[in-house]
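**Student:** Provide a 3D model corresponding to the input given below.
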Amino acid sequence: MSAYKLSLLAGLASSVLAISTAQAQGLPSSSAASASGELDDAGAIIVTGSRVPRRELESAMPVSVMEFEEMSTLGRLNAYDALRLVPALSPGTGAYESGRSDSQAGAAYLNLRNLGTNRTLVLVDGQRQVSGTVTASQVDINMIPAGMIDRIEVVTGGAAAIYGADAVTGAVNIITKKNFEGFRITAQQGLSQRGDAPETNVSVLAGGKFADGRGSVTIGATYLKTGNVLYSDREQTFNHLSFWPNPANTGPKDGIPDNVSYNRFYLPYNSDVPALYIPNNDTFYTYYQGQLQPLLGEQKLSTGEFARVNGINNPDVIRSYEYYYPMRLGQRTIAGMANFSYELTDGITFGARFAYGRTQPNGQISLYREDSRTLFAAPFGGAVARIDNPYMPDSVRALLTSFGRTQANISRYYENWPKIEVQEDRQTLTTSQQLSGRIFDSVNWQVYYQYGRTTQDMTVPNVPRTSRWVAARDVIADPVTGVPVCRDATARAAGCVPYNIFSNDPMTQAQQDYILTTVRGRSEITQNLFGADLNGTLFRLPAGDVSFAAGVGRRTETAKMTGDPLTLSGDARPGGFEGVVPSTNAQGSLGVTEAYGELVVPILRDTPFFQRLEVEGAYRYSSYRDLGDTHTWKAGAMWEPVDGMTIRGTRSRSVRVPNFGELFSPVNIGITGSISDPCLFVNYNATATRAANCAATGAPTPLANYSDNVIVQSGGNPDLTPEISNSYTIGVALQPRFIQGLGITIDYWNIQIKDVITTFPLLQMLNYCVDLPSTDNPFCPYVQRGPDGKVTFVSTQNVNAASLSVQGIDIGLKYQLPLGSGQLNFAFNGSYLIQRQIEAVPGEPASIIKYAGGFTDPRFRGYLLTSFDTEDYTVSLGTQFISAAKVDPNVSEEFYDDNDIPAMVYNDIQLTRRFANRLEIGAGIKNLLDTKPPYNPRTYAGGGGRYDPIGRAFFVRAAFNF
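**Tutor:** Predicted coordinates for the structure are as follows:
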């Protein structure tokens with residue numbers, strides 16, 4: 001029997017023990033069906049996985065619910081911070097995942113099943129929202145005020161038939177507060193044990209009724225400010241930790257690790273002061289405080305101008321190249337929302353929503369640096385110290401003369417320059433109106449219109465203008481006066497201000513005015529939604545009412561990117577931030593008209609072995625203006641053989657069309673630095689096919705050094721086609737009458753996606769080219785090598801080039817136990833990953849990459865919330881568990897000297913005291929045991945948001961209700 005069938009049977013067998021959660025509180029079972037939306041006049045509830053109102057708090061699709069108030073008491077400041085604890089969600093994009101050159105800094109995007117933020121649909125009260133970026137279909141949940149969030153529901157499975165494209169892996173529905181009466185203000189302040197990572201949060205909520213109860217308004221606003229944390233702020237990341245090829249390695253299966261980890265890994269050419277490379281003796285020299293000295297590593301790991309070393313003799317001037325990088329970005333966010341409703345007549349209600357959010361991130365800091373490679377000041381490369389430069393110190397001149405050289409390359413960070421710091425401003429505005437009512441006493445109707453707009457303004461100051469910088473750094477002595485002047489006569493005539501590349505003094509104002517500039521960019525995306533919906537009952541069968549939902553809608557989106565003229569011309573490249581400011585102008589639009597229908601049919605009820613049997617189905621037709629027509633559907637069933645036991649399952653087909661960014665993002669040409677070519681000597685024999693294929697592509701012998709100055713082409717692809725997903729879930733939910741308050745749920749899920757829209761990283765493109773059976777494959781045409789065998793060009797544009805499969809089991813447990821004058825609560829949510837893999841060339845086993853069991857996709861993640869509630873107190877303990885994993889589950893155990901990532905446990909604790917005067921005061925500790933990330937080159941800085949790099953942090957919280 002196949003492993004696939006065994007895993008399915010295991011999931012079904014385990015499901016027999018499952019018990020459903022009757023009410024969703026805290027972090028309930030990931031399979032617990034739960035309420036979403038508001039009660040209608042008949043007492044029915046809209047469930048996130050369906051648009052059909054139901055009296056029962058159950059659904060054929062697994063839906064989990066998070067009560068946001070409980071997470072906020074544990075110091076979780078916003079929806080993204082809270083949802084990071086849900087095992088079904090992997091790190092997406094947020095403060096811990098944004099890098100130092102990330103164009104999405106300040107945004108927060110969700111990532112279900114680690115299948116990509118583009119495949120996770122985020123809703124607010126069941127309605128789609130405008131994207132937070134022009135380059136993808138991702139909703140920025142930072143723009144939703146925390147004070148307005150009631151609960152968050154996650155449906156893990158194909159929901160495209162209900163909500164449309166982008167719901168391939170499921171949907172996250174954020175339910176906002178309505179009909180609130182009173183006034184509530186909440187404030188929280190936090191600080192890490194090390195005195196940094198400050199967090200300030202203030203939320204206000206107000207509402208009431210008017211016009212004798214016919215009208216209602218609820219208004220909420222949140223202010224959030226957090227501080228950034230740099231790599232240099234933590235002892236585990238102060239020095240760089242990295243894998244590097246083991247010089248003792250003799251080949252595969254020799255029992256010797258292919259790659260060894262070093263904990264003080266340095267690049268000598270990444271110097272904070274002028275560094276000169278002398279090839280005669282393969283040595284770097286630094287010039288600092290009037291002294292010229294050789295730069296020596298304790299272990300020399302490679303040779304040449306771009307050598308690596310472990311340990312350094314002068315750590316004051318040579319730092320880890322991550323020294324200035326942020327591990328967590330700081331940001332300031334202001335978000336507000338107002339929900340309004342008014343009963344115009346006894347049968348018609350007008351509703352409206354206004355929402356606005358603004359985020360300004362900070363911490364994306366870069367120092368301008370360069371070396372001889374052409375990726376700096378392209379196409380000229382870095383500064384050159386010529387012997388006739390009057391600024392050249394005598395000791396440097398003497399050194400060059402002693403080796404018979406007239407010039408040398410200068411490599412350095414210009415720490416004495418003003419810092420390059422991205423100033424980003426994101427704003428999102430959403431307005432919606434709707435009319436709703438009831439006809440025939442059994443059918444509800446609504447018509448709606450919604451407009452959304454996201455703008456992103458980017459400003460990057462202190463960027464060198466290439467033409468001026470190249471002229472200013474090349475200096476000679478004026479033949480008449482002897483004063484240093486720019487060598488280029490044309491530049492001198494245009495006002496060139498000479499610069500001393502050996503100096504560590506701050507730039508003069510004249511130098512700043514001549515050399516540096518500010519570049520700006522802007523992107524904007526708009527969304528218009530309008531449509532009409534019906535839901536209710538059609539007729540009654542012996543087992544109950546046949547319920548339905550149907551609707552039509554039209555959605556249009558436009559996007560525009562505008563770059564800075566200096567960036568567009570190539571004369572200003574924001575050193576390290578090229579991906580932040582648009583490098584070209586682009587615009588486009590997408591439009592779709594849709595119609596959907598959903599039906600729920602009760603078959604049997606209150607008969608032996610069929611307390612309830614119910615089937616349901618949904619279908620959506622979508623007609624895209626430029627991409628053709630798509631069809632999605634869902635079928636499901638629920639069977640309750642005995643009272644309190646429910647077996648459920650769904651089967652769905654989803655279609656995701658390419659978004660604006662995937663289609664129309666400008667094609668960019670960039671230059672990358674050193675890359676670990678698979679044809680490098682240490683990698684040459686890593687697979688059975690690599691040596692022969694390297695030779696066939698132009699590297700007949702192992703390369704001795706890294707490939708440099710590789711041209712990389714990236715961007716959108718207008719020829720993309722939709723990707724198609726087939727998924728199903730099956731599970732059991734029970735609630736035994738003999739153990740009151742206990743619930744357990746288990747659901748098996750399986751998602752298969754073909755024609756996956758993806759981009760393969762540069763190194764993966766190179767590996768696929770030489771690791772498949774021959775070079776006659778889809779990847780080698782995108783790779784070019786020069787006469788010396790080194791890579792010169794790689795294309796990483798979007799392609800439909802893969803199939804993706806993922807399957808797992810979600811587990812939930814809830815138990816409520818009266819204890820003394822209070823109640824003890826346990827809510828556990830876990831997810832076990834059976835398989836996640838991508839097959840780049842369908843049908844070719846050599847193209848399969850396995851992710852399950854790697855640190856990016858650990859086999860098991862779980863979260864347990866334990867709390868004790870009384871009338872006056874609440875004590876809570878949140879425990880997060882991440883199973884042991886591998887650095888890379890695809891390689892042999894000897895590929896790394898340490899391929900193992902240990903299991904990790906994090907604990908948060910809080911105490912809340914409620915007073916009779918409506919005052920609440922709380923305090924807590926996040927990461928109670930100060931657990932650090934696993935000390936491995938891939939995870940020591942947090943592993944891209946999977947582990948906590950901040951450490952123990954304290955917070956206090958106060959709330960007052962009027």
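
**Student:** quick one: the helices in the stretch 301-450 of the chain?
**Tutor:** 394-402 (DSSP state H, counting those that start in this stretch).

**Student:** SS state for residue 64?
**Tutor:** Assigned by DSSP: H, G, I helix; E, B strand; the rest coil, the conformation of residue 64 is strand.

**Student:** from memory it sits against residue 171, does it?
**Tutor:** No: judged on C-beta atoms under 8 Å, residue 64 makes no contact with residue 171 at a distance of 11.7 Å. Quick note: C-beta positions are derived from backbone N, CA and C, even for glycine.

**Student:** Between these two, which contacts overlap?
**Tutor:** Residues within reach of residue 64 and of residue 171 at once, by C-beta atoms under 8 Å, 6 or more residues apart in numbering, are residue 154.

**Student:** Any stretches of the stretch 651-800 of the chain with poor pLDDT?
**Tutor:** For the stretch 651-800 of the chain, the stretches with pLDDT under 70 are 673.

**Student:** again but with the chain, I slipped
**Tutor:** Along the chain, segments meeting pLDDT under 70 span 1-49, 53-58, 97-102, 157-158, 575-579, 673.

**Student:** Residue 250 in helix, strand or coil?
**Tutor:** Residue 250 ends up coil, using three-state DSSP.

**Student:** OK, contacts around residue 268?
**Tutor:** 275, 284, 295, 297, 307, 309, 312, 318, 411.

**Student:** Which of those lies at the shortest distance from residue 269?
**Tutor:** Nearest to residue 269 out of these is residue 411 (C-beta to C-beta; 3.8 Å).

**Student:** Next one: that closest one from residue 419, what distance?
**Tutor:** To residue 419, residue 411 is 19 Å away according to C-beta to C-beta, to the nearest Å.

**Student:** who has more neighbours, these two?
**Tutor:** Comparing residue 411 with residue 419 by other C-beta atoms under 10 Å, the one with more neighbours is residue 411, at 26 against 13.

**Student:** Could I get the contacting residues of that one?
**Tutor:** Shown in contact with residue 411 (C-beta under 8 Å, 6+ apart): 268-271, 275-277, 284, 305, 369-372, 382.

**Student:** Ok, residue 760 next?
**Tutor:** By C-beta under 8 Å, 6+ apart, the contact set of residue 760 is 768, 779, 796, 799, 801, 840.

**Student:** did I read that right, it in a helix?
**Tutor:** No: Residue 760: not assigned to a helix; according to three-state DSSP it is coil.

**Student:** What values do phi and psi take at it?
**Tutor:** Backbone torsions for residue 760, taken as degrees, to the nearest 10, come to phi -100, psi 130.

**Student:** re earlier: sort out which of the contacts of residue 411 are in strands and list them.
**Tutor:** Applying DSSP state E to the contacts of residue 411, the entries found in strands are 275-277, 284, 369-370.

**Student:** Tell me the one of those nearest residue 407?
**Tutor:** Looking across those and measuring by C-beta to C-beta, the closest to residue 407 is residue 276, at 9.8 Å.

**Student:** Test my guess that the closest one contacts residue 412.
**Tutor:** No: here residue 276 lies out of contact with residue 412, judged by C-beta under 8 Å, at a distance of 9.6 Å.

**Student:** higher neighbour count, the two?
**Tutor:** Ranked by neighbour count (other C-beta under 10 Å), residue 276 and residue 412 place residue 412 first, with 27 against 24.

**Student:** Quickly list what the more buried one is bridged to.
**Tutor:** Beta-bridge partners recorded for residue 412 (DSSP bridges): residue 370.

**Student:** ok, now which ones touch it?
**Tutor:** 271-275, 369-370, 501 are the contacts of residue 412 under C-beta under 8 Å, 6+ apart.

**Student:** can you do 6 Å?
**Tutor:** Applying C-beta atoms under 6 Å, 6 or more residues apart in numbering to residue 412 gives the contacts 271, 274-275.

**Student:** would you list every one of the strands in the stretch 351-500 of the chain?
**Tutor:** Assigned by DSSP state E, counting those that start in this stretch, the stretch 351-500 of the chain shows strands spanning 365-366, 369-370, 384-386, 407-413, 420-421, 423-439, 443-464, 475-477, 484-486.

**Student:** tell me the strands in the stretch 1-150 of the chain, going along the chain?
**Tutor:** So, for the stretch 1-150 of the chain - with DSSP E, counting those that start in this stretch - the strands run 45-46, 53-54, 63-67, 89-93, 109-112, 121-124, 127-128, 149-155.

**Student:** Nearest to residue 361, out of those?
**Tutor:** strand 89-93 (11.5 Å).

**Student:** partners of that closest one, with directions?
**Tutor:** strand 109-112 (antiparallel).

**Student:** what's the strand it pairs with in contact with?
**Tutor:** The contact list for strand 109-112 (C-beta under 6 Å, 6+ apart) reads 89-90, 92-93, 117, 120, 122, 138, 169-170, 172.

**Student:** can you do 8 Å?
**Tutor:** Contacts of strand 109-112 with the rest of the structure, by C-beta under 8 Å, 6+ apart, involve 80, 83, 88-94, 117, 119-120, 122, 132, 136, 138-141, 154, 156, 169-170, 172.
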